[in-house]
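Peer 1: here is a sequence together with a model predicted from it:
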Amino acid sequence: IDPTFTAFFTTLGVSGDDNAYNYVMAHNLTDFAKAAYTYITANGVTADGSQTAATGSENCTITGLDLGYYLVRGTATAPDSQKITSLCILNTTTPDVTVTPKLDVPTLDLQVKEDSLNQWGEVADYTVGDAVPYRLVSEVPYMNGYTEYTFTVTDTLANGLTTDNNVTVTIGGVAYSDFTVVPKGQSFDVVFGDSFVKQTPGAAIVISFTATLNDNAVIYSGDNANTAFLTYSSNPYDSAATAVTPSDEVLVDSYRLDILKYTGDLASAKYLANAHFSLKLTDNAAAASISFVLEGDGSYRAATAAEMADGAVAKTTDLVSDVNGKIAVTGIDEGTYYLFETQAPIGYNLLSTSVPVAITRDFDSASYSTANTVAHVYMNDTENGSVNVQNNAGIHLPVTGGMGTAIFTISGIIIMAVAASILLLRKKGSHNNK
């Protein structure tokens with residue numbers, strides 16, 4: 001026995017070289033390695049040798065060692081200087097040993113679903129009140145030597161997102177229930193249970209949930225982020241040793257629609273207050289209008305599902321221009337909308353047809369699969385533009401035929417009758433004068 005480890009074997013009730021050898025051979029090597037690692041760490045035992053691999057190399061050699069058992073501990077640089085530990089033996093039969101510690105560093109990929117494309121990626125856009133689908137993708141790591149394993153995912157939502165408390169997990173495509181969700185304000189942990197260490201290495205892990213884009217969402221000027229990272233076991237001989245993956249982030253955007261009501265030439269326009277509109281998802285005047293919450297004169301935000309269900313919250317489908325002829329609609333998704341004028345300002349004609357509004361965007365990559373953020377937003381093909389709605393002064397003349405014709409006919413008869421009466425009176429007066 002190396003004198004440094006005499007006390008170690010004494011605590012195990014073992015003394016003498018032969019007894020120590022028999023003890024090691026008779027016991028589980030993983031358990032023995034854990035006990036030896038604990039003793040080395042607690043007592044600050046100095047290493048018998050060390051070596052650093054050359055840059056770009058995955059191998060190094062430690063020489064000049066006596067025969068015996070060695071606990072080999074290495075430090076890897078990917079991704080966070082994780083420490084790896086392995087047990088090996090040098091004896092007269094095998095005086096040279098190659099140690100290949102299994103460095104299995106789990107990864108975590110956070111994704112959000114873009115509904116218009118039905119694809120998962122790094123960025124998406126939604127209307128305030130929508131439930132945004134997320135998923136966290138990983139794999140079951142190789143856990144050789146572990147009797148327990150920490151696997152905890154931490155997810156943090158921006159203030160504009162509210163978790164819907166509906167986390168589900170699958171491993172290898174099969175529902176997995178041995179996990180606990182621990183809420184922490186805008187964050188929550190998904191803590192995997194004791195059975196995780198027995199799962200099949202390499203099997204896909206998918207954690208799914210939704211979060212609602214709420215009334216605190218950042219609109220148009222920024223993003224609503226969701227970030228996540230994974231805490232995992234990093235040493236089979238030390239159950240408290242953990243490492244973390246780099247944080248991953250995805251973004252959700254929501255947009256603003258600016259409407260300008262005016263008359264005359266736009267360059268020198270007169271802006272019209274009190275023009276009333278409704279906004280729909282279809283060019284059908286009878287279809288339901290989108291509901292909003294009034295946030296200020298001429299400013300409207302899409303109502304959330306909770307607000308729609310709350311009778312105490314005032315909702316409206318009536319969008320009214322302010323004194324500057326402006327209406328600002330916020331919290332809506334990309335897509336095509338239809339603006340219907342329901343009441344024109346006094347003295348101006350009501351629009352007879354709807355105004356189509358196309359909100360489009362492009363990403364910072366030509367392919368959505370590699371996109372990270374929204375690069376540009378367009379209103380009817382104009383970047384950061386507004387929808388300009390012109391009104392003309394005047395009244396509508398009656399149409400020909402039908403009631404219009406009747407009105408003119410009756411008016412004509414009355415005028416002719418009055419004219420005839422005047423003529424008869426004049427003739428009668430003339431006759432009397434004679």
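Peer 2: Received the coordinates, thanks.
Peer 1: what bridges to the closest residue to residue 155 other than its chain neighbours?
Peer 2: Nearest residue to residue 155, sequence neighbours excluded (Cβ to Cβ, 6 or more residues apart in numbering): residue 228, at 4.4 Å. From N, CA and C alone the C-beta is placed, and that goes for glycine too. Beta-bridge pairing of residue 228 under DSSP bridges involves residue 155, residue 248.
Peer 1: what's next to stretch 380-394, contact-wise?
Peer 2: Contacts to stretch 380-394, defined as Cβ atoms under 8 Å, 6 or more residues apart in numbering, come from residues 257-263, 266, 272, 275, 277, 339, 341, 344-345, 347-349, 351, 355-358, 360, 376-379.
Peer 1: so which of the residues you listed are in strands?
Peer 2: Among the contacts of stretch 380-394, the ones falling in strands (DSSP state E) are 257-263, 277, 339, 341, 355-358, 360, 376-379.
Peer 1: drop anything exposed from those residues.
Peer 2: 257-263, 277, 339, 341, 355, 357, 377, 379 (16 or more other Cβ atoms under 10 Å).
Peer 1: got the residues you listed as CSV, with distance to residue 197 and pLDDT columns?
Peer 2: Formatted as CSV, these follow (distance: Cβ to Cβ, whole Å; pLDDT from 0 to 100):
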residue, distance to residue 197, pLDDT
257, 52, 95
258, 56, 96
259, 59, 97
260, 63, 96
261, 65, 96
262, 68, 96
263, 73, 95
277, 60, 98
339, 58, 97
341, 65, 97
355, 61, 97
357, 55, 97
377, 47, 93
379, 54, 92
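Peer 1: nearest to residue 73 among those?
Peer 2: Nearest to residue 73 among those: residue 377, at 53.1 Å, using Cβ to Cβ.
Peer 1: how close does the residue nearest to that closest one when sequence neighbours are not counted sit to residue 259?
Peer 2: In this structure, residue 377 finds its nearest non-sequential neighbour in residue 361, 4.7 Å apart by Cβ to Cβ, 6+ apart. From residue 361 over to residue 259 the distance is 19 Å, taken as Cβ to Cβ, to the nearest Å.
Peer 1: for residue 299, same thing?
Peer 2: On the measure of Cβ to Cβ, residue 299 and residue 259 end up 11 Å apart.
Peer 1: quick check: neighbours shared by those two?
Peer 2: Shared contacts of residue 299 and residue 259, counting by Cβ under 8 Å, 6+ apart, come down to 327-328.
Peer 1: low-confidence regions, this structure specifically.
Peer 2: Counting by pLDDT under 70, the ranges of the chain that qualify are 74-93, 100-103, 394-434.
Peer 1: from what I can see residue 289 touches residue 278, true?
Peer 2: Yes - at 4.0 Å, residue 289 and residue 278 qualify as touching, with contact defined as Cβ atoms under 8 Å.
Peer 1: max pairwise distance over the buried ones among the ones in strands among the contacts of stretch 380-394: which two?
Peer 2: Maximum pairwise distance in those, criterion Cβ to Cβ, is 27.8 Å, between 263 and 377.
Peer 1: so which bits of the helix or strand residue 20 falls within are buried?
Peer 2: Residue 20 is part of helix 17-26 when elements are defined by DSSP states H and E. By 16+ other Cβ under 10 Å, the buried positions in helix 17-26 come out as 20, 24.
Peer 1: stretch 265-283 too?
Peer 2: 271-272, 275-280.
Peer 1: which of those sit farthest apart?
Peer 2: 271 and 280 (24.2 Å).
Peer 1: can I get the buried residues of stretch 265-283 in TSV with distance to residue 181?
Peer 2: Shown next, in TSV, are those (distance: Cβ to Cβ, whole Å):
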residue	distance to residue 181
271	52
272	52
275	49
276	46
277	43
278	41
279	37
280	39
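Peer 1: now flag whichever of those residues is closest to residue 317.
Peer 2: residue 278 (5.1 Å).
Peer 1: related to what we said a few turns ago, in this structure the residue nearest to residue 377 contacts residue 125, no?
Peer 2: Yes - taking Cβ under 8 Å as the definition, residue 361 is a contact partner of residue 125 at 6.8 Å.
Peer 1: more neighbours: which of these two?
Peer 2: residue 125 (26 against 16; other Cβ atoms under 10 Å).
Peer 1: OK, contacts around the closest residue to the more buried one other than its chain neighbours?
Peer 2: Setting aside the residues directly before and after it, residue 125 is nearest to residue 253 in space (Cβ to Cβ, 6+ apart), at 4.4 Å. Going by Cβ under 8 Å, 6+ apart, residue 253 touches 123-126, 220, 223-224, 361, 374.
Peer 1: mind redoing it with 6 Å?
Peer 2: Each residue near residue 253 by Cβ atoms under 6 Å, 6 or more residues apart in numbering is listed here: 125, 223, 374.
Peer 1: wait, which of those is closest to residue 309?
Peer 2: Checking the contacts of residue 253 one by one against residue 309 (Cβ to Cβ), the nearest turns out to be residue 125, at 23.9 Å.
Peer 1: residues contacting the closest one?
Peer 2: With Cβ under 6 Å, 6+ apart, residue 125 has these contacts: 253, 333-334.
Peer 1: need these in CSV (columns: secondary structure).
Peer 2: Formatted as CSV, these follow (DSSP: H, G, I helix; E, B strand; the rest coil):
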residue, secondary structure
253, strand
333, coil
334, coil
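Peer 1: would CSV of those with distance to residue 326 be doable?
Peer 2: Below are those laid out as CSV (distance: Cβ to Cβ, whole Å):
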residue, distance to residue 326
253, 22
333, 22
334, 22
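Peer 1: which of those sits closest to residue 199?
Peer 2: The nearest one, if we look at the contacts of residue 125 relative to residue 199 and count by Cβ to Cβ, is residue 253, at 36.2 Å.
Peer 1: roughly how far apart are residue 349 and residue 129?
Peer 2: Counting by Cβ to Cβ - residue 349 and residue 129 are separated by 35 Å.
Peer 1: what of residue 255?
Peer 2: 14 Å.
Peer 1: next one: residue 224
Peer 2: Residue 224 is 13 Å from residue 129, by Cβ to Cβ.
Peer 1: what does residue 31 give?
Peer 2: 55 Å.
Peer 1: which one's more surrounded, these two?
Peer 2: residue 129 (21 against 11).
Peer 1: quick check: closest non-adjacent residue to the more buried one.
Peer 2: Leaving aside its sequence neighbours, residue 129 sits nearest to residue 304 (Cβ to Cβ, 6+ apart; 3.9 Å).
Peer 1: sorry, back to before: what sits in contact with each of residue 361 and residue 125?
Peer 2: With Cβ under 6 Å, 6+ apart, residue 361 and residue 125 have common neighbours residue 334.
Peer 1: let me see the contact set for the nearest residue to residue 16 once chain neighbours are set aside.
Peer 2: Among residues not flanking residue 16 along the chain, residue 1 sits closest, at 7.6 Å (Cβ to Cβ, 6+ apart). Residues near residue 1 by Cβ under 6 Å, 6+ apart: 9, 17, 20.
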